[in-house]
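Trainee: mind folding the following:
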Amino acid sequence: MVAATSILEIHELAVRFGRQQVLRDISLQVPRGETLAIIGESGCGKTVLLKTMIGLVRPSQGHVTFDGNRIDQLSDQELTRQRIRFGFLFQNAALFDSMTVAENILFPLREHRPKELAAHQEEMLARLAEVGLPPAVLSKRPAELSGGMRKRVGLARALVMHPEVLLYDEPTTGLDPIVSDVINELMMWTRKQNPVTSIIVTHDMKSAIKVADRIVMLYPITRLAIDEPQIIFDGSPAEIEKSKDKRVSQFVRGEAGDRLNEMNEMLAQGQG
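Mentor: Predicted coordinates for the structure are as follows:
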């Protein structure tokens, strides 16, 4: 059951890179224990929004509050302490190529919690088992693993610090349907086994509908009127499948729709 209090709050957030505005007037509350999926087409700012949540991208205006603390008002030392409470599964897993699987999983523990090696080993093996990988992979390097195995090693590394919030950036991208569903099941298993809040950036509607309690859809600013909100949907998986907004329904169904018409018009204008 989702708790009533919010662990993350985003207040009137905007992000610009030079003259390019990526996010505009984003306000969200993420309750403790919720699994939130953030969807939208490429270039709408999903990953940028994810990175603002842990201070990797600083907002141009507005702010992010984590557990009652404004991220932008924290010292570098305090921000580092707060980030330890997050686990981040990067797109393509982002493992260290020069390290073995064991070294990759142990990296956060050695950096932030210097304990006896035996304690590290025990924690590593527990997380490896949690993502369904055998100890035999520990001596391998990322290049020796399949894409799905790399994602699972990345998830084990994200879990090793027992985070309160898990951030997933395109966790099923580049995987076949079967392996994608393995990752979906692991995300659901992780939520059941740990009191964790999960935020998932994804293009994969099957994944979003299966895993999420709530779905938020962003739309590219360049395709919005000046006074239109960038969040064009915020609701449950059941509600998004019934949305009357054409932009939402076309994305959910994977239909080109109006976008194809716009492309044809641009081609016609170029030929003119």
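
Trainee: flag every buried residue along whichever helix or strand residue 82 is part of.
Mentor: Per DSSP states H and E, residue 82 falls inside helix 76-83. For helix 76-83, a neighbour-count test (16 or more other C-beta atoms under 10 Å) marks 79, 83 as buried. Glycine gets a C-beta too; all of them are placed from N, C-alpha and C.

Trainee: and it, what other elements does it pack with?
Mentor: On a contact count with 3 or more C-beta pairs under 8 Å, 6 or more residues apart in numbering; DSSP states H and E, helix 76-83 meets no helix or strand.

Trainee: run through who's touching it.
Mentor: Applying C-beta atoms under 8 Å, 6 or more residues apart in numbering, the external contacts of helix 76-83 come out as 54-55, 66-67, 69, 71, 74.

Trainee: and which of those residues is nearest residue 164?
Mentor: Lowest distance from residue 164 to these (C-beta to C-beta) belongs to residue 67, with 7.9 Å.

Trainee: return the residues in contact with the closest one.
Mentor: Applying C-beta under 8 Å, 6+ apart to residue 67 gives the contacts 7, 82, 85, 164.

Trainee: ok, now with 6 Å
Mentor: By C-beta atoms under 6 Å, 6 or more residues apart in numbering, the contact set of residue 67 is residue 7.

Trainee: before we move on, what about the one 5 residues further on?
Mentor: Shown in contact with residue 72 (C-beta under 6 Å, 6+ apart): residue 63.

Trainee: how near is it to residue 85?
Mentor: According to C-beta to C-beta, to the nearest Å, residue 72 and residue 85 sit 17 Å apart.

Trainee: chain center to stretch 183-200, what's the gap?
Mentor: In terms of C-alpha atoms, centre = their mean, to the nearest Å, the centre of stretch 183-200 is set 12 Å apart from its chain centre.

Trainee: show me what counts as buried in it.
Mentor: Of the residues in stretch 183-200, those with enough neighbours to count as buried (16+ other C-beta under 10 Å) are 183-184, 186-187, 190-191, 196-200.

Trainee: hmm, who's touching that stretch?
Mentor: Under the contact criterion C-beta under 6 Å, 6+ apart, stretch 183-200 has outside partners 7, 32-37, 131, 151, 165-168, 171-172, 207, 210-211.
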